[in-house]
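Asker: Here you go, sequence then predicted model.
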Amino acid sequence: MDHQPSIRRFFYLPRNAWVLTSTSAVWSIGAATANPYQTLYFSALGAQPFTVGLLIAYGTGITVLSLLVGGYVADTWGRRRVIVVFSWVSVASALMFALVNSYYLLVVPLTLASVSNMYGPAFNSLMMDEIEPSDRIRGFSVFNAVNTTPSIFAPTIGGLLMGRLGVLDGLKIAFLASALFGVIGVSLRMKWLEETYLVAPPKTQSLLAHLRGSLTSGVGAARRSNQTVKKLLLYVTLAGIGTGLASPFVSIYAVNYLRISPVDYSIWWISRDWLP
């Protein structure tokens, strides 16, 4: 019989959700060209492994703080404004990555990239505002599938650039591509995205109170959770520590020490989720 209507129904998303999904996919074409090799870029600029670790730790710390503040900003500014403003901050970070000529300057684009995560809570809130609760599993599955599709081919473009121009110059071009596709994606996002949240005029809670409340409620929820959830949280924490010790340095180890060509490494990077 006719399967087309059912396929359309499966991929259906409300307008704003499709705007975020499609613009993220466009942006991902550039981002997936450069981002898998970020620490390799740090190394090519002269950063030693310990310095790379410090830079990653710094960026992670700013990201955590930005996500906490992002919830407050989303409630006081509205969803659309936060998403648009900090999407441009993220685009600026990609451009700055391409322009720096010393690892000492990496703190600038790292700060911008980490602060841009402030739009994360607004992004997720807008998606949940748009998609009915009973439809959110399918909706977020569609978002992840569409948004991840560029990662099938874009990392190999980064590998080809490195193979042709060298790691440093190749990744500078890759970060420029990330900024270019970001400009396209965010421009379309500005044009099409609509606000879904009406901000209440009075400010009922300060930023400090919001941060304190977020941390307190998070700790309280963890304490009240059952043993299965607590074990899962412990597993995720330990896995995160183990992953953080190794994964940032995989590209450096593969290309600089194992002498795997950037193109071969990029192909492995794409296929890593399919390997047994």
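Answerer: Perfect, I can see it now. Numbering: from 1, shown residues only.
Asker: If I look at the residue positioned nearest the centre of the chain, what pLDDT would I see?
Answerer: Centroid check for the chain by C-alpha atoms, centre = their mean gives Asn117 as the closest residue, at 7.5 Å. pLDDT for Asn117: 95.
Asker: Over to Leu207?
Answerer: pLDDT, read off for Leu207, is 62.
Asker: need the contact list for Met118.
Answerer: 66-67, 69-70, 73, 82, 86, 89 (C-beta atoms under 8 Å, 6 or more residues apart in numbering). Bear in mind the C-beta positions are built from the backbone N, C-alpha and C, glycine included.
Asker: Highest neighbour count among these?
Answerer: When neighbours are taken as other C-beta atoms under 10 Å, the top entry among those is Val82 (25 neighbours).
Asker: any idea how far Tyr72 is from it?
Answerer: From Val82 across to Tyr72, the span is 10 Å (C-beta to C-beta, to the nearest Å).
Asker: Which of the helices and strands in this protein ranks last by mean pLDDT?
Answerer: helix 207-224 (a mean of 65; mean pLDDT, DSSP states H and E).
Asker: Return the distance of the helix or strand just after that helix from the chain's centre.
Answerer: As assigned by DSSP states H and E, the chain's next helix or strand after helix 207-224 is helix 227-246. Distance of helix 227-246 from the chain centroid (C-alpha atoms, centre = their mean, to the nearest Å) equals 20 Å.
Asker: Helices - which of the contacts of Met118 land there?
Answerer: Counting by DSSP state H, these place 66-67, 69-70, 73, 82, 86, 89 in helices.
Asker: Those residues: which two are farthest apart?
Answerer: Taking C-beta to C-beta as the measure, the ones in helices among the contacts of Met118 span a maximum distance of 14.0 Å, between Leu67 and Val89.
Asker: from what I can see Val263 touches Leu160, true?
Answerer: Yes - counting by C-beta atoms under 8 Å, Val263 does reach Leu160; the two are 5.9 Å apart.
Asker: hey, what's in contact with both of those two?
Answerer: When C-beta under 8 Å, 6+ apart defines a contact, no residue borders Val263 and Leu160 alike.
Asker: tell me which element Trp18 is part of?
Answerer: For Trp18, the host element (DSSP H and E) is helix 15-34.
Asker: Could you list every helix and strand that that helix packs against?
Answerer: helix 79-99, helix 120-130, helix 136-148, helix 154-165, helix 167-192 (3 or more C-beta pairs under 8 Å, 6 or more residues apart in numbering; DSSP states H and E).
Asker: 6 Å instead, please
Answerer: Applying 3 or more C-beta pairs under 6 Å, 6 or more residues apart in numbering; DSSP states H and E, we find helix 15-34 packed against helix 120-130, helix 136-148, helix 154-165, helix 167-192.
Asker: Let me know the angle separating it from helix 154-165.
Answerer: 30 degrees (axes from the mean of the first three to the mean of the last three C-alpha atoms, to 10 degrees).
Asker: Hey, what's the angle from helix 15-34 to helix 79-99? Just curious.
Answerer: With the same axes, to 10 degrees applied, the angle from helix 15-34 to helix 79-99 works out at 10 degrees.
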